[in-house]
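Novice: okay, sequence plus prediction incoming.
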Amino acid sequence: MQAKILIARAIFSEVIKRLSDHFELESNQEDVIFTPEELRQRLQGKQGMLCTASAKVNGDLLAHTPELKVVSNMAVGYDNFDLRACTDHKVLACNSPDVLNETTADFAWALLMATARRVTESEHWLRAGHWDRWRYDGFLGADLHGSTLGIIGMGRIGQAIARRSSGFGMQVLYHNRSRLLPEQEAAANHARYVSKAELLGAADHIILVLPYSPNTHHTIGAAELALMKPSAVLINVARGGIVDDIALIAALKSGKIAAAGLDVFENEPKFHPEFLTLPNVVLTPHIASASRNTRLAMANCAADNLIAALCKGRPQNVLNPEVLT
Ligand code: 8YV
C-alpha cells in the first residue's frame, strides 16, 4: 500500500508528478496558507509532509498527528521545526541544503550592490519624473571594490558569498559559531575570523547569513548597530528575527548606519510599515533562492528526502538522525 503525504504549499507540477509515482497525494496548488488547526486536520492519516517555512511543526501539532513519520522542508532553514518535539514523536525531519548555496550567494551580492549604489532609490526617483539634469552629487553611494566585507554566519552560503568578493579586491572578515579550517578560509578569499564586535566596527558592508534560533534572535540590535560605521551597509538574507527591525529603523533614520538591504523580516510576510517610508533601504520579498533551477532543485531535494524516508529507509538530509536508530 502506498504511503499518504500532504504537500502543504503549491510546488512545481513536475515534482508533484514524481511524488505521485510513490505516494497517495493531497496537494495544495491553490496555495492556501493553513492555520495550525487546518494543518492538523490535513495531516490526519498522512505519513509524510513536504512543506515550507510557513508550516510550524511543533509538539502541539505532533501530539495530534500520530501517523506522521517524516516532515521534509523545501528550505535549508528549519526554524519552523521544533526538532526536539520531532525527535520525541519519532518524526524524521529533513531540509534541502546545498542546492541553493550559489543562487543565494548571487542574490546577497545583488542586494548589496543595489543597496550600496542606491539602485532602487534612484530608479524610483527617475520613474517619478524628477530627473531633469545630471548632478555631481546625485545618488552618491559606497564603493564595493577595495572595501571590507563582514560576513556573520560562515556556513556554505557565507563561504560562497566570500568567494565572490575576490573579484572586487575586498578584504573579508567573518564571525561564526566556529572557526573555519585554514583551507576553507583560504578558499573564501582568505577570510579572517574576528570577534563580532571587531567585525561590526571594521566592516564597510555586513552580510548576515546565519540560521535563526533563540540563540541568534536579535543578533543585530541597537547595541550592535551603534558599533557599525555610519557609512556601513547591512544586508540580511538569512531570517527575520536575526535583526531587531525596530532598532534598525531607528538606525536608518538617525544615520547611525547608511543603508540596509533586506530580503527577510520579523513576522513576514507582514513587515514594519515604517520601512516603506525610508529611502535608504532596499526591500525584497524573501527571494534569495528564487531562480527557477534552484527552486526546482530544492523541491526535488525535499521530494527525494520524502521518497527515501518512506520508501527506501535513509534520506540524505536528516536533521534528527537519532530517530533512525
Ligand atoms: C526558501 C529559505 O525559499 O531555504 C531557506 O531557508 O529561506 C528560502 O530559500 C524559503 O524558506 C521557503 O521555505
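Specialist: Nice, I can see it.
Novice: what about the residue of the stretch 201-325 of the chain found nearest the ligand, neighbour count?
Specialist: With CB to the nearest ligand atom, the shortest gap between the stretch 201-325 of the chain and the ligand falls at residue 289, namely 3.2 Å. Placement of C-beta: from N, CA and C, glycine included. A total of 23 residues lie near residue 289 under the criterion other CB atoms under 10 Å.
Novice: my read is that it contacts residue 296, right?
Specialist: No - Residue 289 lies out of contact with residue 296 (CB atoms under 8 Å); the separation is 10.9 Å.
Novice: residue 308 belongs to a helix?
Specialist: Yes - assigned with DSSP: H, G, I helix; E, B strand; the rest coil, residue 308 falls within a helix.
Novice: from the ligand, how far off is the closest residue to residue 188 other than its chain neighbours?
Specialist: Excluding the flanking residues, the one nearest residue 188 by CB to CB, 6 or more residues apart in numbering is residue 162, at 3.7 Å. Using CB to the nearest ligand atom, to the nearest Å, residue 162 is found at 19 Å from the ligand.
Novice: looks like residue 5 contacts residue 45 (just checking).
Specialist: No - assessed by CB under 8 Å, residue 5 is found out of contact with residue 45, at 10.5 Å.
Novice: before we move on, back to that, let me see the contact set for the residue of the stretch 201-325 of the chain closest to the ligand.
Specialist: Contacts for residue 289 (CB atoms under 8 Å, 6 or more residues apart in numbering) come out as 100, 103-104, 107, 295, 298.
Novice: now swap in residue 251 and tell me
Specialist: 222, 225-226, 228, 257 are the contacts of residue 251 under CB under 8 Å, 6+ apart.
Novice: so how do I select the buried members of the contacts of residue 289 in ChimeraX?
Specialist: Those of the contacts of residue 289 that count as buried under 16 or more other CB atoms under 10 Å are selected in ChimeraX with:
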select :100,103,104,107,295,298
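Novice: taking the contacts of residue 289 one by one, which sit in helices?
Specialist: Judged by DSSP state H, the contacts of residue 289 include 103-104, 107, 295, 298 as members of helices.
Novice: and the furthest pair within these?
Specialist: 107 and 298 (13.9 Å; CB to CB).
Novice: which of the contacts of residue 289 come close to the ligand?
Specialist: residue 100 (CB under 6 Å from any ligand atom).
Novice: next, format the contacts of residue 289 as JSON lines and append pLDDT.
Specialist: Shown next, in JSON lines, are the contacts of residue 289 (pLDDT from 0 to 100):
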{"residue": "100", "pLDDT": "98"}
{"residue": "103", "pLDDT": "98"}
{"residue": "104", "pLDDT": "98"}
{"residue": "107", "pLDDT": "99"}
{"residue": "295", "pLDDT": "98"}
{"residue": "298", "pLDDT": "98"}
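Novice: pick out the most distant pair among the contacts of residue 289.
Specialist: Checking the contacts of residue 289 with CB to CB, the most distant pair is 107 and 298, at 13.9 Å.
Novice: around the ligand, which positions in the stretch 51-200 of the chain sit nearby?
Specialist: 52-53, 74-77, 100.
Novice: quick one: end-to-end length of stretch 92-107, please.
Specialist: Start to finish, the residues bounding stretch 92-107 are 31 Å apart (CA to CA, to the nearest Å).
Novice: quick one, helices of this protein?
Specialist: 13-20, 36-42, 59-62, 83-88, 101-116, 119-127, 156-164, 182-187, 196-202, 222-227, 245-254, 292-307.
Novice: got the ones you listed as a markdown table, with distance to residue 274 columns?
Specialist: Putting the helices of the chain into a markdown table (distance: least, CB to CB, whole Å) gives the following:
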| stretch | distance to residue 274 |
| --- | --- |
| helix 13-20 | 38 |
| helix 36-42 | 29 |
| helix 59-62 | 33 |
| helix 83-88 | 34 |
| helix 101-116 | 17 |
| helix 119-127 | 16 |
| helix 156-164 | 28 |
| helix 182-187 | 39 |
| helix 196-202 | 23 |
| helix 222-227 | 15 |
| helix 245-254 | 5 |
| helix 292-307 | 31 |
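Novice: and the pLDDT at the residue nearest to residue 188?
Specialist: With respect to pLDDT, residue 162 scores 98.
Novice: equivalent analysis for the one 3 residues further on, please.
Specialist: Note on residue 165: pLDDT of 98.
Novice: leaving out chain neighbours, which residue sits closest to the residue nearest the centre of the chain?
Specialist: Geometric centre of the chain, nearest residue: residue 238, 3.7 Å, by CA atoms, centre = their mean. The spatially closest residue to residue 238, leaving aside those adjacent along the chain, is residue 208, at 4.8 Å (CB to CB, 6+ apart).
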